[in-house]
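Colleague: quick one, what's the 3D model for this:
(2 chains, ligands or ions: 2)
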Amino acid sequence: MAELTKSGVAGVLARQGILIAFVIFMVGFAIANQRFIAVDNVFGVIRSSAILGVMALGVTFVVIGGNLDLSVGSMMSFSTIVVLDLHDKLGPALAIPAMFALTLLLGAFIGFLVGYLKLNSLIVTLGMLSAIHGLTLTWSGGKNMDIADKSGTWFGFFGQGSVMGIPMPILMFAGLAAVLGIVLARTPFGRKVYAVGGNGTAATFSGVPRARVVFTTYLLSAFCVATAGLMQASRSMGSQNTVGQGMELEVLAAVILGGASLLGGSGTIFKTVIGVLILGFIQNGLLLVGLEFYVQYVVTWTIIILAVWLDIAAKRGRLWSPIA
Amino acid sequence: MTDQTPALRLEGIVKTFPGVRALDDVSFAVMPGEVHALMGENGAGKSTLMKVLGGIHQPDEGRIFIDEEATVMTSPIQAKARGVVFIHQELSLADELSVAENIFLGELPRKTLGRVDWAALYARTDDILGKLNVGFNARTRVGELSIANQQMVEIARALTVDPRAVIFDEPTASLTDAEKVVLFDVIADLKARGVGIVYISHRMEEIFKITDRISVLRDGQYRGTLNTSETDEDEVTQLMIGRSLDLSRNHAHAELGEVAIEVRGLSCGKVYRDISFSVRRGEVVGFYGLVGAGRTEIAETIFGLRDPDAGAIYLDGKEVRIASPIDAIRHGISLVPEDRKGQGLVLGMNCRDNMTLPQVDDMTSSVFVSERAELSIFDHYKDKLDIRTPGWRQTVGNLSGGNQQKIVIGKWLSMNPKLLIVDEPTRGIDVGSKAEIHNLIRDLATQGYAVIVISSEMPEVLHLADRVVAMHQGRIVREFTAEEVTEDSLIQAISGIGGNGAAQADVTAQDAGCSRPH
Ligand SMILES: Nc1ncnc2c1ncn2[C@@H]1O[C@H](COP(=O)(O)OP(=O)(O)OP(=O)(O)O)[C@@H](O)[C@H]1O
Ligand SMILES: [Mg+2]
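Modeller: Numbers count the residues shown, from 1 in each chain, chains lettered A, B, ... in the order given. Ligands and ions are numbered 1, 2, ... in the order given. Predicted coordinates for the structure are as follows:
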């Protein structure tokens, strides 16, 4: 087994396919429209991607663990409505932890069903998508929720404030990404998530508590959703019941775009962040180019599917494969 | 044979993977009606060479000839159309499909409008299965079959077409003797029909029993071809590993200590009944029996993967309840499971992380996994077990079969278990490493560990064990000491008084009675 000294250009290409596609895409748009790479535009994109990004961080754990979470969009609506409602009733200092507790309860419930009862995560979270939506409407009575005294509270800090000139949403996204990135890459728990998603049976045979690991990934996901809900509520100080509607698919797209496998066992937080940014920049770029809103949906999803295909093709070394 | 044209021929094949030159200018030919063994250490490139031939890998350089006609193999389907059938080392069946669908996958018999002709499908499959003398039928779902029977399904695929050449990549690794006899009949039959056969195996007895010529690979390079009738094990081993092996049976018996584990009256539905035995420190106890005799299931029970209906387990004299592998590991038990791909490894994970998985909680400095601690374990067992990999980062799924098995062994040895249970520990492992692993197991015993060896290879059991427990259809039928055990007495014991064939004894154990809760 002679060691190869030839530098693995092809290998790098295969591993970083999405990243390279991202760079090409950015350069292309930058040439088409100068404003695209203006600092304020770049900041703007990251800022508006932050909420989606925070949710994607949690879903990354769930997906690597071999499951899906389609409930995050409607759960985010729930968190947003709840924290806005409680803000006026309890004050922000109590409303925030109360909202986190309730959202985590939902996550624990899903985690229990999928982890301990071993129910199919697609079915469970799809069901929860609707159920939580119903819960939200019940809570709000179907009405929009608004903070009465918008100027008399510090609650707006998480969505509108900034520290040393950097907007809070960006800081929170970056901070959470850093922490969760380390948790996933460097702790025993992170390792177990990969093992459970890669081969659950082998994980069990290795003494990994599979149910508990899956349960915990859903708790983490709920925590991220709660954070996203806080950011959303704080930014707008008021909200409809459907604020997170459809975000579950965008979140999933970002995670997959980053290169996590839906089969579980692969992906990283860093890649998810790239996926989130790609998605944000695609949408921003199309907007700047001047495409109509509904055409954007078509183009965005075409690009996502193309990117995923190219990524897989690069890994396989051919565009089309008769095997696996 | 020299005046014939080869059924297939490979010329100057080069294949590289990142960090590995798996094949370096290899040429190889198989004559019609010839059984040609391909031998070499784990990672020598045997499977890769055959995957090039079977259209799974494209060679970087080199050419393939079928009946001296240059051919480019672009896919397994095309290879099969050219008459090359490939029985894989790692099982590649669809669990959810029936036996018949798996055997005829991609070429199901059709009626008008493309509808599947199920009647014909099942009839043709049962026809083939009849020749193989197996205990399941065309409609059985593959996922319900034992590994041995899944292997038989793979083998059945060779009989669906009229092939020019059939490649068997370690077909006997998980077969018992009775099934091997059937396989060898199949091979003899193919041979008589003028089919060229490539036979990969690490088992010398088989090689010398059924092959005509032996070609040897080493580190991806062709090392020569020998006529089987004119050579011996020693010469082949020399060619493979560059030295001779001392396989003498001179292990020192350890001082036997206290009873480490005692099992009393353990029962588990129809899977096994009324099992009682004990293992002392320093002792290696072998469990021998046919597939389905219940040995693996007993191991799974001790390891907390299965709840028994009755009976008790005592460790160091105290009754314990082992409800999960976590409990088992806490009690110092290690299990090397029989199915490395399904139970032993996370194939998509790297070598190091796989090896340290059971103890990852203990490998931390502060809250983070300590890479240094992990690497020291990995490096230790990489050297000790001679694991061939370009580095710890390599994905385990990219290792050769034998090297994957070594990762599993390293994983459980590194736990320093008080009780080590190994289930078919040397499946797919080359002769040199096998001797090494046997020595390691004996060493562990000498150091005062208790060891249970489950193996379908009689020489392995005879070589390793101080005591042999013979099982038949879920019951212990006899215990032998190393002094009194002989091959004949063991065969008699495990085949039961009435002499049941393997086909009948095969049980899809998971279905019967107490099931695996995890
Ligand atoms: N897909 C792959 N990616 C990277 N390396 C690979 C891949 N397939 C095989 N290799 C490497 O090529 C070498 C030859 O592997 P191969 O599977 O052919 O060995 P083998 O002779 O069949 O061994 P064994 O007796 O263990 O089955 C090994 O070092 C292996 O790690
Ligand atoms: Mg092989």
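
Colleague: any idea how far apart the tips of stretch B:243-259 sit?
Modeller: 40 Å (CA to CA, to the nearest Å).

Colleague: got it, and stretch B:132-149?
Modeller: End-to-end distance for stretch B:132-149, by CA to CA: 11 Å.

Colleague: is it up against chain A anywhere?
Modeller: No - legend: contact between stretch B:132-149 and chain A by CB under 8 Å from any CB of the partner chain is lacking; minimum distance shown is 12.4 Å. In this view, the C-beta of every residue, glycine as well, is placed from N, C-alpha and C.

Colleague: show me what counts as buried in that stretch.
Modeller: Buried residues in stretch B:132-149, counted by 16 or more other CB atoms under 10 Å in any protein chain shown: B:132, B:134-136, B:138, B:140-142, B:145-149.

Colleague: closest to chain A among those?
Modeller: Nearest to chain A among the buried residues of stretch B:132-149 is residue B:147, at 13.5 Å by CB to the nearest CB.

Colleague: which one is residue 258 nearest to, not counting chain neighbours?
Modeller: The chain I'm using is chain A. Once flanking residues are discounted, residue A:258 sits nearest to residue A:275: 3.1 Å by CB to CB, 6 or more residues apart in numbering or on different chains.

Colleague: please refer instead to chain B.
Modeller: Leaving out its chain neighbours, the residue that sits closest to residue B:258 by CB to CB, 6+ apart is residue B:281, at 5.7 Å.

Colleague: that neighbour touches residue B:261, doesn't it?
Modeller: No - when contacts are counted by CB atoms under 8 Å, residue B:281 is not listed as touching residue B:261 (9.7 Å).

Colleague: intersection of neighbour lists for the two?
Modeller: Shared contacts of residue B:281 and residue B:261 (CB atoms under 8 Å, 6 or more residues apart in numbering or on different chains): residue B:450.

Colleague: compare these two and say which is more crowded by neighbours.
Modeller: Neighbour totals were compared for residue B:281 and residue B:261, and residue B:261 leads with 24 against 21 (other CB atoms under 10 Å in any protein chain shown).

Colleague: contact partners for whatever residue of the stretch 51-200 of chain A ends up closest to ligand 1?
Modeller: The stretch 51-200 of chain A approaches ligand 1 most closely through residue A:198 (16.7 Å), counting by CB to the nearest ligand atom. By CB under 8 Å, 6+ apart, the contact set of residue A:198 is A:66, A:264-266, B:346-349.

Colleague: ligand 2 contacts on the stretch 401-518 of chain B?
Modeller: residue B:401 (CB under 5 Å from the ion).

Colleague: can I assume the residue nearest to residue A:258 sits in a strand?
Modeller: No - counting by DSSP: H, G, I helix; E, B strand; the rest coil, residue A:275 is not part of a strand but helix.

Colleague: so which residues on the stretch 151-300 of chain A come close to chain B?
Modeller: Proximity of the stretch 151-300 of chain A to chain B, by CB under 8 Å from any CB, involves residues A:182, A:186-188, A:191-192, A:194-195, A:198-199, A:201-210, A:265-266.

Colleague: drop anything exposed from the residues you listed.
Modeller: Taking 16+ other CB under 10 Å as the criterion, what is buried in those is A:186-188, A:191-192, A:194-195, A:198-199, A:201-210, A:265-266.

Colleague: tell me the buried residues in stretch B:433-446?
Modeller: Using 16+ other CB under 10 Å as the test for burial, stretch B:433-446 gives B:433-438, B:440-442, B:444-445.

Colleague: now, which of those lie within helices?
Modeller: B:433-438, B:440-442, B:444-445 (DSSP state H).

Colleague: buried residues, stretch B:276-289. List them.
Modeller: Within stretch B:276-289, the residues that qualify as buried are B:277, B:279-289, counting by 16+ other CB under 10 Å.
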